[in-house]
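Trainee: Just a sequence and a predicted model for now, questions to come.
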Amino acid sequence: MIEISGLTKTYPSTTSRRHRSTAVLDGIDLTVADAQIAAVVGPSGAGKSTLARCINLLERPTSGSIAVNGQEVTTLSRRDLRDARRQIGTVFQSANLLRRLTAAQNVALPMRYLGLSDTEVRARVGDLLERVGMLHRANHYPAQLSGGQRQRIGIARGLALRPTVLLSDEATSGLDPDSTRAILDLLRELRDDLGVTLVVITHEMDVVRSVADVVAQLDHGRIVEYGAVADVVRSSDSALSRALLPLPAGMDEGERRTRTWVLRYAADTVDERWLSRISHDLDTEIAVRAALVERTGGVSIGRLTVGLDRSLGTDAVVAAFARHGIASRPTDEGVPHPTVHEAIA
């Protein structure tokens, strides 16, 4: 478990002669439960990487506390800090493998540093490479591996000291779809089989929907939205919600006689026949212009754009959808629908 409370991190300003500081993290409160996957998203400069470096103890926060498995780590001595770091593994975007070492030698590095015996190292390296599906590449050098294979080796190395927490900092960025799916499947296995707690730093909303239990959006060093992925999509029409389940860009707004509505699943369960039933209730045809419905966290989440006859009253339409667990708003009222880049970047 990771428990973060009131975390701040400031750096001296480099743009002023006065003694000023810039707050990169500003009062972060975040709890990640045991065997849970938490995704952290946000635009460049939001503080995501700084938060990761504070969690893995590469940076000391300016104030606040970080507890890993109940142990406060921000006040530890240098010696105790080295021991605490063993609980926290990290997988970086580029895997950071040493090019002159084989896959097996890269995985063995942390264990060699701790002085484990050759027998222990060989057994542990073999187990880890087998878990990540790379035992057949044990004697290959990084240049002989694909990007996805290098990331698997990076994950194996991150698990070398049997950590209870694993940080994934943009680990799937730049990978092809098949490699990305393989890495995400592996992260889920680590959570389910080993009970590892994971923090996934990413800008890819597909990754969040696919693997995360909870999501936190950072902006200017603060968490501006947090919750279970399905809850964020169903309970709000925020920028994060729309980015998590976006509609296709450039959709047809329909003819002048129709009014465009944006819908989202708001209830835990939504009857599969809701469209025909609401059409019957309103005694009108519903033109579906764009839709995306998926399952995450064991529940259905959905966002649609539909066209309805303009003669229908707003209150009647909203009430009809609400009876079936659907939140609705016309696009000529409220916040316009942004693209994914506009919502998060």
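Mentor: Right, received. Where do you want to start?
Trainee: In space, not sequence, find me the middle residue of this structure.
Mentor: Within the chain, the residue whose C-alpha comes closest to the C-alpha centroid is Ala39; the distance, by Cα atoms, centre = their mean, is 2.5 Å.
Trainee: could you show me where the helices are in the protein, in order?
Mentor: In the chain, the segments counted as helices under DSSP state H are 48-55, 78-85, 103-114, 118-131, 147-158, 177-194, 205-211, 229-235, 239-244, 274-282, 314-322, 340-344.
Trainee: Count the residues that sit near Val40.
Mentor: Here the count is done by other Cβ atoms under 10 Å, and Val40 has 31 residues near it. Where you see a C-beta, it was placed from the backbone N, CA and C, and this is true even at glycine.
Trainee: ok, it to Ala212 distance?
Mentor: The spacing between Val40 and Ala212, counted by Cβ to Cβ, to the nearest Å, is 9 Å.
Trainee: possible to save the helices of the chain as a markdown table with distance to Val262?
Mentor: Below are the helices of the chain laid out as a markdown table (distance: least, Cβ to Cβ, whole Å):
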| stretch | distance to Val262 |
| --- | --- |
| helix 48-55 | 29 |
| helix 78-85 | 46 |
| helix 103-114 | 48 |
| helix 118-131 | 43 |
| helix 147-158 | 36 |
| helix 177-194 | 28 |
| helix 205-211 | 17 |
| helix 229-235 | 13 |
| helix 239-244 | 9 |
| helix 274-282 | 15 |
| helix 314-322 | 11 |
| helix 340-344 | 14 |
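Trainee: closest one to Val299 among the ones you listed?
Mentor: If you check each of the helices of the chain against Val299 by Cβ to Cβ, helix 229-235 wins as the nearest, at 4.8 Å.
Trainee: Alpha carbons of that closest one, as CSV, please.
Mentor: The C-alpha coordinates for helix 229-235 follow below in CSV (Å, rounded to 0.1, in the frame of the first residue of the first chain):
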residue,chain,number,x,y,z
VAL,A,229,-12.1,4.5,-13.7
ALA,A,230,-15.7,3.4,-14.3
ASP,A,231,-16.9,5.9,-11.6
VAL,A,232,-15.1,8.8,-13.3
VAL,A,233,-16.6,8.0,-16.6
ARG,A,234,-20.1,7.4,-15.3
SER,A,235,-20.4,10.1,-12.6
